[in-house]
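> structure for this input, please:
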Amino acid sequence: MNDPLNKNQESQRLISLDALRGFDMFWIIGGEHIIHALAELTGWSVLIWISAQMHHTVWNGCTFYDMIFPLFLFISGVSMPFSFGKKLIAANVKSTFELPGDVKRKVYVDMLRRTMILVFLGLIVNGLFKFNGYENTRFASVLGRIGIAWFFAGLIYLNCNLKKQVIWFCFILIGYWLAMILIPVPGFGAGDLTMEGSLESYIDRVLLPGRLHSKVHDPEGVLSTIPAVATGLLGIFTGTFIKEKRYNPLKSVYFLLLASVLLILLGLTWDCVFPINKRLWSSSFVLFAGGYSIAFFALFYLIIDVLGWKKWTFPFLLIGMNSIVIYMAVEGVLNFGYTADFIFGGLINLAAAPFHVLLKAISVIIIELIFLYFLYRNKLFLKV
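Sure, this is the predicted structure:
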């Protein structure tokens, strides 16, 4: 396989995108535990506040941890205009919706294959091979939602010009909102946005086989996957804007930051009638989390691709280039904690007791990075 950091390829990809993906995944694979340990060890108010941000909101509202998933989906959308670049050049067209039918059919097959692989990997993470019985298997998953939302966002991107893509984006968000507040749920009526009474939860109970994540509701359920398509579209808009290079890089960053502020304000405004809610993937959540996603991307793009400060990104690049592998590994396929304790446990026990939790958290990250570095050195990258 090709090395994503090969200098000959550097100009063809956004290093900031891999770094941002790695930064996003860092918190899932153990970064959160370092923050929790530091907060407990120091008692500093700022670290206590950051530690509180490393938990999911119970229902309405949004923390930093709630934005990790939409940021990852947003990043997959940003990469799409770049990944289709070679196909546009080969077909001698300027836009994806102008691609010949035979080329599009091949693209559809590749996209469907990627989606099915992600759905299958999501089932593995959920314990498919534990064989606990159909009724105990959870079929909805994070990887499954990424695959499905990316697929439908890709279909819109391939078949619509920018104006129609924006229309689809607005239609999805407004349509989802109207459905959630106008369609009645048996026993609860219309407009109930609680975990038990929402339309999204009801459809999960009716349509999703097996076990739901929260018994009456699944945060990666059927209906809430539709607005997740809009999150992917936001990434596509951003990737298209950067790829077209209509403005110089610094001015592009200004426009991205302006767009992020507007989306956050729109999300907060919509929150008054349709609460920001990650579990429902509410329309206001799409805008609010999307605004922050654009801001994170603009910051990474400015520092790495515009200013050229890249050396510090290497640990994040290791994570970002094999993000699915490390996600599956930490979700149960591999036990990094056991390995870290086997190698560093004796040294950690020599330290003062209050530092044990922090040092254990750091040791797990070190083992994970060594594992990822081994994959990188041997050019082993899981490209789905």
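
> need the single longest helix in this protein, by residues.
As assigned by DSSP state H, the longest helix anywhere in the chain is helix 101-125.

> next secondary structure after that helix?
Counting by DSSP states H and E, the next helix or strand C-terminal to helix 101-125 is helix 142-159.

> and that next one, what other elements does it pack with?
helix 68-83, helix 101-125, helix 162-182, helix 225-244, helix 323-328 (3 or more Cβ pairs under 8 Å, 6 or more residues apart in numbering; DSSP states H and E). Quick note: C-beta positions are derived from backbone N, CA and C, even for glycine.

> in stretch 256-265, which residues are buried?
By 16 or more other Cβ atoms under 10 Å, the buried positions in stretch 256-265 come out as 256-257, 259-260, 263-264.

> now stretch 109-125
Neighbour counts using 16+ other Cβ under 10 Å place 111, 114-115, 118-119, 121-125 of stretch 109-125 among the buried residues.

> can you give me the neighbour number for F169?
Applying other Cβ atoms under 10 Å, we find 22 residues neighbouring F169.

> got a pLDDT number for it?
pLDDT recorded at F169 is 98.

> could you do S95 as well?
77.

> you'd agree it is up against L88?
Yes - checked against Cβ atoms under 8 Å, the pair S95 and L88 is within contact range at 7.4 Å.

> contacts only, for the closest residue to P100 other than its chain neighbours.
Once flanking residues are discounted, P100 sits nearest to A91: 6.0 Å by Cβ to Cβ, 6 or more residues apart in numbering. By Cβ atoms under 8 Å, 6 or more residues apart in numbering, the contact set of A91 is 98-100, 103.

> most neighbours among these, which one?
Neighbour max across the contacts of A91 (other Cβ under 10 Å) = L99, 20 neighbours.

> how about G61, phi and psi?
The phi/psi pair for G61 (degrees, to the nearest 10) reads phi 110, psi -180.

> which residues does the closest residue to it other than its chain neighbours contact?
Once flanking residues are discounted, G61 sits nearest to I276: 6.4 Å by Cβ to Cβ, 6+ apart. With contact taken as Cβ under 8 Å, 6+ apart, I276 is in contact with 60-62, 267-268, 282, 284-285, 288.

> returning to that earlier point: got TSV for the buried residues of stretch 109-125, with distance to W309 and pLDDT too?
Shown next, in TSV, are the buried residues of stretch 109-125 (distance: Cβ to Cβ, whole Å; pLDDT from 0 to 100):
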residue	distance to W309	pLDDT
M111	34	95
R114	32	95
T115	35	97
L118	32	96
V119	38	97
L121	34	95
G122	35	95
L123	40	95
I124	37	93
V125	34	93
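
> number of nearby residues for Y301?
Neighbours around Y301, by other Cβ under 10 Å: 24.

> also L347?
L347 has 10 nearby residues by other Cβ under 10 Å.

> repeat for the one 10 residues further on
For V357, the count of nearby residues is 17 (other Cβ under 10 Å).

> touching, it and A39? I think so.
No - judged on Cβ under 8 Å, V357 makes no contact with A39 at a distance of 10.7 Å.

> nearest to Y376 among the buried residues of stretch 256-265?
Set against Y376, the nearest of those by Cβ to Cβ is L256 (29.3 Å).

> any idea how far G291 is from K251?
Distance of K251 to G291, computed by Cβ to Cβ, to the nearest Å: 19 Å.

> neighbour count winner among these two?
G291 (23 against 10).

> how many neighbours does the residue nearest to F23 when sequence neighbours are not counted have?
Nearest residue to F23, sequence neighbours excluded (Cβ to Cβ, 6+ apart): F316, at 5.0 Å. Residues lying near F316 (other Cβ under 10 Å) number 22.

> which residues touch the helix or strand hosting F316?
Element membership of F316 [criterion: DSSP H and E] is helix 314-321. Helix 314-321 has contacts (Cβ under 8 Å, 6+ apart) with 4-5, 15, 17-26, 29, 326, 368-369, 372-373, 376, 381.

> helix or strand for the closest residue in space to K245 that isn't next to it in sequence, which one?
Once flanking residues are discounted, K245 sits nearest to S252: 7.8 Å by Cβ to Cβ, 6+ apart. Here S252 sits within helix 249-270, counting by DSSP H and E.

> hang on, the earlier thing: please identify which of the helices and strands packed on helix 142-159 is closest to Q53.
Nearest to Q53 among those is helix 68-83; the distance by Cβ to Cβ comes to 10.7 Å.

> report the distance from the closest one to the chain centre.
Mean C-alpha position of helix 68-83 versus that of the full chain (Cα atoms, centre = their mean, to the nearest Å) differs by 7 Å.

> would you list the helices and strands packed on helix 142-159 in a markdown table and tack on distance to Y338?
Listed next are those as a markdown table, based on distance: least, Cβ to Cβ, whole Å:
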| stretch | distance to Y338 |
| --- | --- |
| helix 68-83 | 25 |
| helix 101-125 | 19 |
| helix 162-182 | 43 |
| helix 225-244 | 34 |
| helix 323-328 | 16 |
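
> among those helices, which is nearest L199?
Nearest of the helices and strands packed on helix 142-159 to L199, taken as Cβ to Cβ: helix 162-182 at 5.3 Å.

> give me the buried positions along that closest one.
Result for helix 162-182 [16+ other Cβ under 10 Å]: buried residues 165, 168-169, 172-173, 176-177, 180.

> with stretch 49-68 instead?
Buried residues in stretch 49-68, defined by neighbour count with 16+ other Cβ under 10 Å: 50-51, 54, 60, 62, 64-68.

> among these, which are in helices?
50-51, 68.

> tell me which of these is nearest to I343?
S51 (26.7 Å).

> the residue nearest to the closest one when sequence neighbours are not counted: neighbour count?
Spatial nearest neighbour of S51, excluding adjacent residues (Cβ to Cβ, 6+ apart): A39 at 3.8 Å. A39 has 19 neighbours, counted by other Cβ under 10 Å.

> so A39 touches I50, yeah?
Yes - using Cβ under 8 Å, A39 is in contact with I50, at 7.0 Å.
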